[in-house]
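*Asks:* predicted model, plus sequence, below.
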Amino acid sequence: MNKIILFGFIFLLFPLSNSFGTTQTEIGDDVFIFVQTIVRNSDGQLVVYLESTKFTDLNLGAVKSFLDFEASRANDPVITIDGMQYQVIRRVQSQTFHTADLVASTILSDNVDNKSISLARFAHDGYPVIPGDTLESMWTFIRPVA
């Protein structure tokens with residue numbers, strides 16, 4: 001309970017909109033990014049569902065490198081929207097929580113030269129998790145086909 005009160009107090013002092021720049025992706029950009037996050041308890045019941053196309057941190061150069069690598073590993077579909085062709089790359093991250101915690105952002109990261117780098121971060125209001133809860137984040141990337 002103290003974590004939640006402290007968390008709320010911090011955001012009263014430093015609201016997200018003033019602390020971080022936000023980038024919204026849209027179809028037609030170099031890459032459109034959409035993330036869906038689902039948290040379920042140990043009984044499989046839905047606890048949290050979040051989705052966004054807005055990111056507080058977006059490392060576009062690293063995202064493009066990540067997508068080039070990911071596209072080389074799988075057979076990702078190409079779709080046509082308004083006469084333009086786009087590649088759809090969809091990846092899922094899963095995690096089971098082993099300790100109680102408060103999660104305030106959904107982050108996509110990659111290992112480059114044995115270092116973890118952040119590709120995209122979706123900051124949100126946060127949700128508490130307890131041992132046994134599971135998280136699944138589906139990242140969808142849509143980029144123009146050259």
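*Replies:* Alright, I've got the coordinates.

*Asks:* from here on, contacts and neighbour counts on C-alpha atoms
*Replies:* OK.

*Asks:* can you list the low-confidence ranges for this structure?
*Replies:* For the chain, the stretches flagged by pLDDT under 70 are 1-22, 27-29.

*Asks:* apply 80 and report the result again.
*Replies:* 1-29, 74, 146 (pLDDT under 80).

*Asks:* could I get the full set of helices for it?
*Replies:* With DSSP state H as the criterion, the chain has helices at 2-13, 16-19, 60-73.

*Asks:* strands paired with the strand ranked longest in the chain, and their directions?
*Replies:* Determined from DSSP state E, the single longest strand within the chain is strand 115-129. Sheet pairing here is set by DSSP bridges, and for strand 115-129 it gives strand 57-58 (antiparallel), strand 101-112 (antiparallel).

*Asks:* any chance you could list what contacts it?
*Replies:* 16, 48, 52, 54-60, 62-63, 97, 99-111 (CA atoms under 8 Å, 6 or more residues apart in numbering).

*Asks:* do that again at 7 Å, thanks
*Replies:* Residues outside strand 115-129 that contact it (CA atoms under 7 Å, 6 or more residues apart in numbering) are 54-59, 62-63, 100-111.

*Asks:* of the residues you listed, grab the buried ones for PyMOL.
*Replies:* To isolate the buried ones among the contacts of strand 115-129 in PyMOL, judged by 16 or more other CA atoms under 10 Å, type:
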select buried, resi 54+55+56+57+58+62+63+106+107+108+109
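
*Asks:* still on that earlier bit, now the strands paired with strand 115-129 as CSV including distance to residue 25?
*Replies:* Shown next, in CSV, are the strands paired with strand 115-129 (distance: least, CA to CA, whole Å):
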stretch, distance to residue 25
strand 57-58, 10
strand 101-112, 15
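
*Asks:* residue 40 is nearest to which of those strands?
*Replies:* Taking CA to CA, strand 101-112 is the member of the strands paired with strand 115-129 nearest to residue 40, at 13.5 Å.

*Asks:* tilt between the closest one and helix 60-73?
*Replies:* Counting by axes from the mean of the first three to the mean of the last three CA atoms, to 10 degrees, strand 101-112 lies at 70 degrees to helix 60-73.
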